[in-house]
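Undergrad: this one's sequence-less:
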């Protein structure tokens, strides 16, 4: 649509008055008519304005209209819309960039290039008195802005994409003020049956029903599973046939059940109505206690490696992974994922539902049809395998563990058999990490070692297995207070401290000792 232009017109009455008046003098009526003419011209020649996001743009040279097209100084409009602009003097080419958008046009040419695609212009860019002018509507719309003509103000009004989105968001926020808040009981009444317990051949977790036969959970709940089932609050059990889609970075996965779940699904939104200090309710199955409810606040909203996390004081525990976190408006805002142990501060985290919504948008009928369990990162068996292969599994799969204090690393993995026929697996823990956090993460180290032992028992069911994880560090003095054999002289006033911090033994039964 071409820009409308105000045209300066001379009143017929004024023309008649001028024609009839004597040339030498003016009558009173003629003076009044002349005054009216002056006012008419003043109104009609009101300076053309450019208003961007509600603010009048201060132009380096006046905007003007010609043949239905409004022109403004090149640099002024690009800068006002948050774009950079470059002037190539030799070729008289204008190059503008904003985000992933690029615009190129030449003075005098009725063509431009937007992101590599050629488009036609109603009027080309021009140079007047050393100033380069560009058609304001073309540049604005090429940068995804909205342009309107304000006849009363003789102005071009431009609304940038950012301002339009902000206005839409502000309107949405106003709408949220009228949404009723729900009590924890009302949230439970509405969603309790939509949260299920998931049991795999390796672990137990939680899940949220999001479709006729689809469940959302954490990737770490289902990632290494070869089989799984879901159990709802009514005691009905359904077989899970595989993974439909997953996002390992966000720790999310969507799984498929063999039959229809026949439970109302939870709607996946974007969790925008989440704010620090807002009330939340968590539903999951910590330690296998199905659909346990807890409440708390949104303690913080954080980002790590591009993933948005909702920190909450609502208590969760092992088994809560994959459960639901609802806000006080009854919206699913996160999938409960992890928490810090050994603290009374209730430091727990949920992956923002925005990542789940994105994952779900990529699900297709074909992906649902072809759902299957992911390949295990561990071999089915190590029976008869050489020690070198066992060491490779240890190095590849057990060289680190994420704890609430950070990542604990294990080095110098060795597998050997002793004279009594035991398979002894040894490694050293990062000594600095252990000295700082050993006491606070002892329970997590215990669980990690038990998991390692269970996995190796599955792969080597007839073996007697001992896992020894040791602390080792050299000092420039002889440390005191250690057991015999734990401090060794190296010479040159150097001493080495070495002792086991984890000693786990198992075959048909398991024994474990953790030293802190």
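TA: Structure received. Bear in mind that the values here come from a model prediction, so they are computed numbers and not experimental data.

Undergrad: and the next element down the chain from the one helix or strand residue 415 maps to?
TA: In the assignment (DSSP states H and E), residue 415 maps to strand 406-417. Helices and strands here follow DSSP H and E; after strand 406-417, the next one along the chain is strand 423-429.

Undergrad: neighbouring contacts of that next one?
TA: With Cβ atoms under 8 Å, 6 or more residues apart in numbering as the test, strand 423-429 has contacts from 390, 394, 398, 408-418, 456, 460, 463-472, 501. Heads up, the C-betas are built off the backbone N, CA and C, glycines and all.

Undergrad: out of those, which are buried?
TA: 390, 394, 398, 408, 410, 413, 415, 456, 460, 463-471, 501 (16 or more other Cβ atoms under 10 Å).

Undergrad: which of these fall in strands?
TA: 408, 410, 413, 415, 465-471, 501 (DSSP state E).

Undergrad: lowest-confidence entry in those?
TA: Across those, the smallest pLDDT goes to residue 408, namely 88.

Undergrad: residues contacting that residue?
TA: 400-401, 429-430, 433-434, 437, 441, 445, 448.

Undergrad: return a ChimeraX selection command for the buried portion of those.
TA: Buried subset of these, written as a ChimeraX selection, criterion 16+ other Cβ under 10 Å:
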select :401,429,430,433,434,437,441,445,448
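
Undergrad: in TSV, list the contacts of residue 408 along with distance to residue 76 and pLDDT.
TA: What follows is the contacts of residue 408, written out as TSV (distance: Cβ to Cβ, whole Å; pLDDT from 0 to 100):
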residue	distance to residue 76	pLDDT
400	55	87
401	57	82
429	62	96
430	58	95
433	56	92
434	62	93
437	57	89
441	59	80
445	63	86
448	61	86
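
Undergrad: now the contacts of residue 408 in TSV, with secondary structure and distance to residue 254?
TA: Putting those into TSV (DSSP: H, G, I helix; E, B strand; the rest coil; distance: Cβ to Cβ, whole Å) gives the following:
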residue	secondary structure	distance to residue 254
400	strand	27
401	strand	26
429	strand	36
430	coil	36
433	helix	35
434	helix	38
437	helix	35
441	coil	32
445	helix	32
448	helix	27
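
Undergrad: redo the contacts of residue 408 as a markdown table? Include distance to residue 62.
TA: Below are the contacts of residue 408 laid out as a markdown table (distance: Cβ to Cβ, whole Å):
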| residue | distance to residue 62 |
| --- | --- |
| 400 | 65 |
| 401 | 68 |
| 429 | 73 |
| 430 | 68 |
| 433 | 67 |
| 434 | 72 |
| 437 | 67 |
| 441 | 69 |
| 445 | 73 |
| 448 | 72 |
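
Undergrad: tell me which residues in stretch 354-368 are buried?
TA: For stretch 354-368, by 16+ other Cβ under 10 Å, it's 354-357, 359-360, 363, 368.

Undergrad: repeat that for stretch 195-214.
TA: Neighbour-count burial for stretch 195-214 [16+ other Cβ under 10 Å]: 195-200, 202-211, 213-214.

Undergrad: how many residues are close by the residue found closest to residue 410 once you drop the neighbours it is linked to in the chain?
TA: Of all residues not flanking residue 410 in the chain, residue 427 sits nearest, at 4.3 Å (Cβ to Cβ, 6 or more residues apart in numbering). By other Cβ atoms under 10 Å, the residues close to residue 427 number 21.

Undergrad: and the gap between residue 427 and residue 513?
TA: Distance, residue 427 to residue 513, by Cβ to Cβ, to the nearest Å: 16 Å.

Undergrad: all helices of the stretch 1-150 of the chain, in order?
TA: Using DSSP state H, counting those that start in this stretch, the helices found in the stretch 1-150 of the chain span residues 12-20, 28-44, 74-80, 136-142.

Undergrad: against which helices or strands is the third one packed?
TA: Right, helix 74-80. strand 49-52, strand 84-88, strand 131-135, helix 136-142 (3 or more Cβ pairs under 8 Å, 6 or more residues apart in numbering; DSSP states H and E).

Undergrad: quick one: mean pLDDT for it?
TA: On average, helix 74-80 scores 94.

Undergrad: could you do the last one as well?
TA: Model confidence over helix 136-142, given as mean pLDDT, is 94.

Undergrad: only the buried residues of it, if you could.
TA: 136-140, 142.

Undergrad: give me the nearest residue to residue 368, chain neighbours excluded.
TA: Per Cβ to Cβ, 6+ apart, closest to residue 368 is residue 244, 5.5 Å.

Undergrad: next structured bit after the helix or strand encompassing that neighbour?
TA: Here residue 244 sits within strand 237-247, counting by DSSP H and E. Next along the chain after strand 237-247, taking DSSP H and E as the criterion, comes strand 252-257.

Undergrad: mind checking how far that following strand is from the chain centre?
TA: 20 Å (Cα atoms, centre = their mean, to the nearest Å).

Undergrad: now that strand and strand 237-247, what's the angle there?
TA: 150 degrees (axes from the mean of the first three to the mean of the last three Cα atoms, to 10 degrees).

Undergrad: the helix or strand immediately after strand 252-257 in the chain: partners in the sheet, and parallel or antiparallel?
TA: Using DSSP H and E, the helix or strand that follows strand 252-257 in sequence is strand 279-284. Each strand that pairs with strand 279-284, with its direction, by DSSP bridges: strand 292-304 (antiparallel), strand 323-327 (antiparallel).

Undergrad: count of neighbours near residue 279?
TA: 19.

Undergrad: same check on residue 86?
TA: Neighbours of residue 86 (other Cβ under 10 Å): 11.

Undergrad: any idea what it is bridged to?
TA: According to DSSP bridges, beta-bridge pairing links residue 86 with residue 95.

Undergrad: which residues does residue 283 bridge with?
TA: residue 293, residue 324.

Undergrad: so who does it touch?
TA: Contacts of residue 283 by Cβ under 8 Å, 6+ apart are 188, 191-192, 195, 206, 291-293, 323-324, 326.

Undergrad: quick one: buried ones out of those residues?
TA: 188, 191, 195, 206, 291-292, 323-324, 326.

Undergrad: and which of those is nearest residue 148?
TA: residue 326 (41.5 Å; Cβ to Cβ).

Undergrad: so that closest one touches residue 333, yeah?
TA: Yes. At 6.7 Å, residue 326 and residue 333 qualify as touching, with contact defined as Cβ atoms under 8 Å.

Undergrad: shared neighbours, these two?
TA: Common neighbours of residue 326 and residue 333 (Cβ under 8 Å, 6+ apart) are residue 280.

Undergrad: how many residues are close by the residue lying closest to residue 254 once chain neighbours are set aside?
TA: Distance criterion Cβ to Cβ, 6+ apart; nearest residue to residue 254, sequence neighbours excluded, is residue 244 at 4.6 Å. Number of residues near residue 244 (other Cβ under 10 Å) recorded here: 25.

Undergrad: repeat that for the one 10 residues further on.
TA: Here the count is done by other Cβ under 10 Å, and residue 254 has 27 residues near it.
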